[in-house]
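Novice: Structure, please.
(2 chains)
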Amino acid sequence: MSHALGIDVGGTFTDFVAYDRVNKKVEVWKELSTPTDPVVGIIGGLGRYKSSDAAAVEHIRLGTTVATNAILERKGATVAYVTTKGFKDVIFVQRGNRKYHYDASWVKPNPLAKRRHCFELDERIDAYGNVLKALDEAEVRALGEQLKAMPEIQAVAVCTLFSYLNPAHELRIKEILTEVLPDLPISISYEVLPKWKEYERASTVLADAYLKPVVSRQMGSMRKRLDEAGFQAPTVVIKSNGGEMTLDAAAEAPVNLVVSGPTGGVIASRHMAKLTGIDHLVTLDMGGTSTDVSVILDGQERFTTAFEIEWGVPIQIPIIDIRTIGAGGGSIAWIDKGGMLRVGPQSAGANPGPACYGKGELPTVTDANVLLGRIDPDNFLGGRMRLDVERARKAVASVAEALGQDVDETALAIVRIANNNMVGALRSVLIEGGLDPRDFTLSTFGGAGPLHVGELMVEMGIPKGIVPNHPGQFSAYGFILTQARVDRQRTAQLTSNRFDKARAAAIMQSLVDEAKAQLTDQGFTDEIKLIRALEMRYLGQNYELELTVDESTLSPEADIEQLWEAFHAAHKARFGFNTRGDIIEIVNFAVTAISDSAVPEIPKLEKATGAPEPVGRRSVGYAQGRFEVDVHDRDRLLAGHVLEGPVIVEEAASVTVVCPGQRLTVDDYGHLLIDTIQG
Amino acid sequence: MAVTNVDQRAGWAREGVRMAIISNRMESIARKMQNTLFRTARSGVLNTAHDFSCVVLTADCELLASAESLPIHTLIGPDIMCRTVKKYHPELQAGDCFLHNSPYEGDSHAADHCLIVPVVDEGGTLRFFVLAKAHQADCGNSRPTTYMGHARDVYEEGALIFSAAKIQSGYQDNQDLIRMCRARIRVPEQWWGDYLATLGAVRIGERELLQLGQEVGWETLEQYATGWFDYSEAKMVEAIRRLPSGKVTVHSAHDPFPGVPDGIPVKVDMTIDAENAKITVDLTDNIDCQPCGLNLSEGCARTAAMVGIYNGILDHSVPANAGSFRRVDVLLRENCVVGIPRHPHSCSVATTNLADRVSNPVQRAIAEIAPGFGMADTGPIMPPAMGVISGKDPRHGDAPFVNQIFLGATGGAGTPVTDGFLSIIHVGNAGLCRQDSIEVDELHHPLFVRRRSLMADTEGAGTFRGAPSVYAEFGPIEGCTMEVLYTADGTVNPAEGAQGGGPGALSRAFKRELDGTLTGLPACHGVKLAPGEYVVSHSSGGGGYGSPLHRDPARVLHDVLEGWVSRERASDVYGVVLVEDGITLTVDEAATARLRAGLAN
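Specialist: Predicted coordinates for the structure are as follows:
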């Protein structure tokens, strides 16, 4: 009972990482995904775990796309939406906010309920939580009967105005509807997201109800089939906040699964940051069709409550702040009507895939990397797949001809434009977030990430880079490192001029109690670590800054002026100015509880005694021209080895490209650290 | 002339990578300015509705980057304003900042305060301008609204007008101007907070541009601008060449308002010259400036015509900047109500009402010349639910409040390929402004919202229909008397359809009395509400595109099931016969074909 498994179900591959606690050994492998029934791929892959039998597996942690896909493909439940009289159209009016100025063809994504399934109740609570119009229980019962007569309804979402201040009506609606409709799952906004702004809250609770039947079904089925296959180990799924939750808890609150898989890479990066002593990382997870970008600041991942699963469809529970753009190895190069070369967002995906895979004809970023000599056509995926260089050349030549350029120049331009798209995403998380790239290390993973690390460092002005171990399975690797985590947040407005510290402390304490209880209810009883935060702003503003506070900040003896002072300083740092003397408003309280379970000990690499031996040499195209460069096999590199760019490091699932003027150092754990050589 | 040929293509390809990289940076700078502004601003019109814009211009005052800025704020106007700054201040220094809101010299209307910073490098050379334009909650008008539709002239309007007034030198405020604003703008603390937010935006833009110049070199940035403009022009050439050539005159009209009892007719003469890739909009054959606040500023007159063009060409990949503008001519006349205003005529409402009456016929004109392009009319505004509310807030010791709200406006126009975007608000902002949250509004203001709901059978019917109207009803809380000032167009002249599409529903305004009865209200009005009284607002529906008899019956069925369209309207207007099959409704194909054939005759 000493093996921990992390599994990440992706579009093409399901990745597996196993950690043997006794022998401190990490093993990674891949299995083809089975999109119609992901459990088939999971069980198939589990069967190929060589180092252990099912009985020795201690626990399984799983990244799942079931929730994301159910929403994006609109394959969730038919939901009845219940709200305050006069306001059922809130979810259709939304907030405006068109995506493009002049794109007449763009259609905004629909809300997750049909208008014919929206119902109003004659009740009203005011902006201070006072009941203006009491709930009519008979009306609620009548609605229950009405829903009972509608067999298409599979779940109910309830969101009434100002329920975050006074949940009495929502709670009673839930009780009554549960009595009348005992088999129908019901989600209420106070339990899912007790925060202000009715549209954002409604959209979030709708997503929860929309997902309940499908997630519940899949979690139940997975448990049963894992048991049947002999894998009786406790199995958890990864939440959007990077924590884990039991299958039962997931079925109860499925909205927590909307960003599951991609959090693994961020968690693994955080762990790597700690191991290597790096404070600030920006992570870039580049796959075939998309790239995810995130930030580790002061050793911690960052969270957002402004997530939108589609444009205008917010899901505002706390989620690891990951930006996704449509740029990957399969992104297609094309020439627009003004004659400019573009790359993506259209992708050749896994099928037909890049031209060099032998089926497609359109030039992609991967084809350009093959022509530039960065990918070895005979050693792709560890030689499991031979690439067709001539086909890649023909595809890129079609674009080169139209541009009047040679193929090499064009391949380089394709890579640089793809890089530029990723730079856009990096800038949006760093510079637009008030962070300076010069303070960061760029962590690249995913099959395609390490190919671009060197050039992205140059383009972004990021001085250091790192390629982790197992970059091709890094998310699944993150899952063996996750901990149980619960986030609780609540809107409650207090101002600095009439600050009621006792009330603030009581709200914070109630969130602490709730968060701890949620962890212990799921059986996570290891030492619980708490993080408290306040979202604050100047009175009249509409956006908040989050400040982490400690337990003593709201204690009776604490000097509250220090809190206001910290806010002034944070505002100045973020926006370049502050207005001392203005009233500050606390808007939201937030508590995170983490069960501090034991983290695997990562094995160290043997120390190098001499220089590394290259396994080959080939011509590789860079912005500065073509160079004959050494090619190294990552498996042969030892701690302390140093390589000067231009150089290539190959491994089974990825290739690291180091530019001229850069240097690669292998650290004690086998991470590839890249820096810029001065002068 | 920038006609694409092989040589040029090669040139762009070589420059393309660098162009894409710098372009990305420029947009990111504009976006960072915007981020700073809405995240730190104090008034709801900025931090909730996002009624502001941030742009970058070249040292020659040409519009270069504008990210998610509002079209009516930015296409033309920032260029004129920067030229005005140069005219009055030929020696520009680092640390300068100018406050400008004169509608006679490039600004849209007096409520849009612009802060303009010349980006001057270390050697003292002017390299760029950054400009942030923010709609004020109040601008010192004679009444508590930023839209003085009834003002006979700028004096009755009452706004403080600043013409390239230097509000900062050496990065320090000019306290004389600050005191002027504080003395004349209602709720001066809110104004001050918004000023700091806007200043933060332009200073961040300045800092980022200086850094970019240091990184890549100023000469490279100049070359980039030239290349980017040429590229944008080439994209516009391609877009125009997809249209047939033609010439058409299209009419529109603003409703009667105080000062213009017969309304304001608008005549648009449009020429598309596909061969030479040029679109000309002639607005000169229109009436003189009028004694009301509806006159357009030059910036809004030119921009309004261009908004219609960018909507109508159906190619959103054409960058809207000084490069693509080369392919558009908007002909204006001095002292014309839709031209260049003559002082002291008032332009208080220039960004919305009459401007929409220019954009809309322009996009309909494109539809007439080029079926399959253009658009119907977007719904006219501004109904009471977009009004400016003011009064004293009993929750905060009767402190005064004034702010524009965005509680309900829809109006998206039917297009050749899609139904109207539901919550576009109006044609000039392209749907980029936000609708208010009821929970936020009720906390920020002594306001109570009774209802916000969409109205059936209000859409302009069409192959692709317009957006339906939205109903909103709201009033003050206990202890508060609230004034709601609004300027609603579209109560007489609806949003017209294009290519056989139908008109959207009219806008309406009522007062709900204490006894619950409704009293009709004028189109341009200030209504005072006591506790228990409410104002009822119907926004305009959007016009439809193409004959409703050609609308896909499945879409009509969906509209009926969702309650957007009644069964009667489905049959009378769309010619679609629906039948009950025991569980739900289905389309009777044969009966529909017969009915449609009959209706077509």
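
Novice: what's residue B:462 in contact with, if anything?
Specialist: Going by Cβ atoms under 8 Å, 6 or more residues apart in numbering or on different chains, residue B:462 touches B:376, B:414, B:497, B:500-502, B:543-548, B:551. C-beta: built from backbone N, CA, C; applies to glycine.

Novice: Which strand or helix spans the residue nearest to residue A:648 when sequence neighbours are not counted?
Specialist: The shortest distance from residue A:648 to any non-neighbouring residue, by Cβ to Cβ, 6 or more residues apart in numbering or on different chains, is to residue A:631 (4.7 Å). Using DSSP states H and E, residue A:631 falls within strand A:625-633.

Novice: burial of residue B:558, as a residue count?
Specialist: Counted with other Cβ atoms under 10 Å in any protein chain shown, the neighbours of residue B:558 add up to 14.

Novice: how near is it to residue B:574?
Specialist: Separation of residue B:558 from residue B:574 (Cβ to Cβ, to the nearest Å): 12 Å.

Novice: Which of the three states applies to residue B:422?
Specialist: Three-state assignment for residue B:422 (DSSP: H, G, I helix; E, B strand; the rest coil): coil.

Novice: For it, which non-adjacent residue is spatially closest?
Specialist: Nearest residue to residue B:422 in three dimensions, chain neighbours excluded: residue B:467, at 4.7 Å (Cβ to Cβ, 6+ apart).

Novice: ok, now which ones touch residue A:256?
Specialist: Counting by Cβ under 8 Å, 6+ apart, residue A:256 makes contact with A:239-241, A:245, A:250, A:317.

Novice: Out of these, the closest to chain B would be?
Specialist: Here the nearest of these to chain B, counting by Cβ to the nearest Cβ, is residue A:317; it sits at 17.8 Å.

Novice: The closest one against residue A:305, yeah?
Specialist: Yes - using Cβ atoms under 8 Å, residue A:317 is in contact with residue A:305, at 7.1 Å.

Novice: And the contacts of the strand holding residue A:631?
Specialist: Contacts to strand A:625-633, defined as Cβ under 8 Å, 6+ apart, come from residues A:373, A:376, A:408, A:612, A:614-620, A:643, A:646-651, A:660.

Novice: what's the following helix or strand after it?
Specialist: Following strand A:625-633 in sequence order, the next helix or strand is strand A:642-644 (DSSP H and E).

Novice: Which secondary structure elements does that next one sit against?
Specialist: strand A:662-666 (3 or more Cβ pairs under 8 Å, 6 or more residues apart in numbering or on different chains; DSSP states H and E).

Novice: Show me how far the strand it packs on is from its chain's centre.
Specialist: 29 Å (Cα atoms, centre = their mean, to the nearest Å).

Novice: Which strands and helices lie in contact with that strand?
Specialist: For strand A:662-666, the elements it packs on are strand A:642-644, strand A:672-676, judged by 3+ Cβ pairs under 8 Å, 6+ apart.

Novice: Pull out the buried residues from that strand.
Specialist: A:662, A:664, A:666 (16 or more other Cβ atoms under 10 Å in any protein chain shown).

Novice: What is the burial count for residue A:128?
Specialist: By other Cβ under 10 Å, the residues close to residue A:128 number 12.

Novice: was I right about it contacting residue A:493?
Specialist: No - if you go by Cβ under 8 Å, residue A:128 and residue A:493 don't touch, sitting 9.8 Å apart.

Novice: So what touches the worst-scoring helix or strand of chain A on mean pLDDT?
Specialist: Sorting the helices and strands of chain A by mean pLDDT, DSSP states H and E puts strand A:25-32 at the bottom, at a mean of 86. By Cβ under 8 Å, 6+ apart, the residues outside strand A:25-32 that reach it are A:12-20, A:41, A:44-45, A:48-51, A:469-470, A:472-473, A:476-477, A:480, A:600, A:602-603, A:653.

Novice: Tell me the first helix or strand C-terminal of it.
Specialist: helix A:38-46.

Novice: Of all the residues in that following helix, which ones are buried?
Specialist: A:38-43, A:45-46.

Novice: which residues in the stretch 151-300 of chain B form strands?
Specialist: B:165-169, B:172-173, B:246-254, B:264-273, B:278-282 (DSSP state E, counting those that start in this stretch).

Novice: Next: the stretch 451-600 of chain A.
Specialist: Along the stretch 451-600 of chain A, the stretches classed as strands by DSSP E, counting those that start in this stretch are A:464-467, A:484-495, A:528-538, A:545-549, A:584-595.

Novice: now the angle between strand A:484-495 and the longest helix along chain A, please.
Specialist: For chain A, the helix with the greatest residue count under DSSP state H is helix A:198-228. If you take axes from the mean of the first three to the mean of the last three Cα atoms, to 10 degrees, helix A:198-228 sits at 170 degrees to strand A:484-495.

Novice: Report the angle between helix A:198-228 and helix A:38-46.
Specialist: Helix A:198-228 runs at 50 degrees relative to helix A:38-46, counting by the same axes, to 10 degrees.

Novice: So which other helices or strands are in contact with whatever helix or strand comes next after helix A:198-228?
Specialist: For helix A:198-228, the following helix or strand on the C-terminal side (DSSP H and E) is strand A:235-238. Applying 3+ Cβ pairs under 8 Å, 6+ apart, we find strand A:235-238 packed against strand A:57-63, helix A:198-228, strand A:244-246, helix A:247-252.

Novice: so what does the shortest one touch, helix or strand wise?
Specialist: Just to be clear, that refers to strand A:244-246. strand A:235-238, strand A:484-495.

Novice: how about TSV for the contacts of residue A:256, with pLDDT and neighbour count added?
Specialist: Formatted as TSV, the contacts of residue A:256 follow (pLDDT from 0 to 100; neighbours: other Cβ atoms under 10 Å in any protein chain shown):
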residue	pLDDT	neighbour count
A:239	93	29
A:240	94	25
A:241	91	21
A:245	90	25
A:250	94	27
A:317	92	25
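
Novice: Now for residue 227, how many residues are close by?
Specialist: Chain wasn't specified; assuming chain A. Residue A:227, neighbours per other Cβ under 10 Å, totals 11.

Novice: you looked at the wrong chain, it should be chain B
Specialist: Other residues lying near residue B:227 total 20 when counted by other Cβ under 10 Å.

Novice: Assess the claim that it and residue B:15 are in contact.
Specialist: Yes - counting by Cβ under 8 Å, residue B:227 does reach residue B:15; the two are 5.1 Å apart.

Novice: ok, is the one helix or strand residue A:295 maps to in contact with chain B or not?
Specialist: Using DSSP H and E, residue A:295 falls within strand A:291-297. No - residues of strand A:291-297 are not located near chain B by Cβ under 8 Å from any Cβ of the partner chain, the shortest gap being 13.9 Å.

Novice: Name every strand pairing with that strand and say which way it goes.
Specialist: strand A:281-286 (antiparallel), strand A:300-301 (antiparallel), strand A:323-325 (antiparallel) (DSSP bridges).
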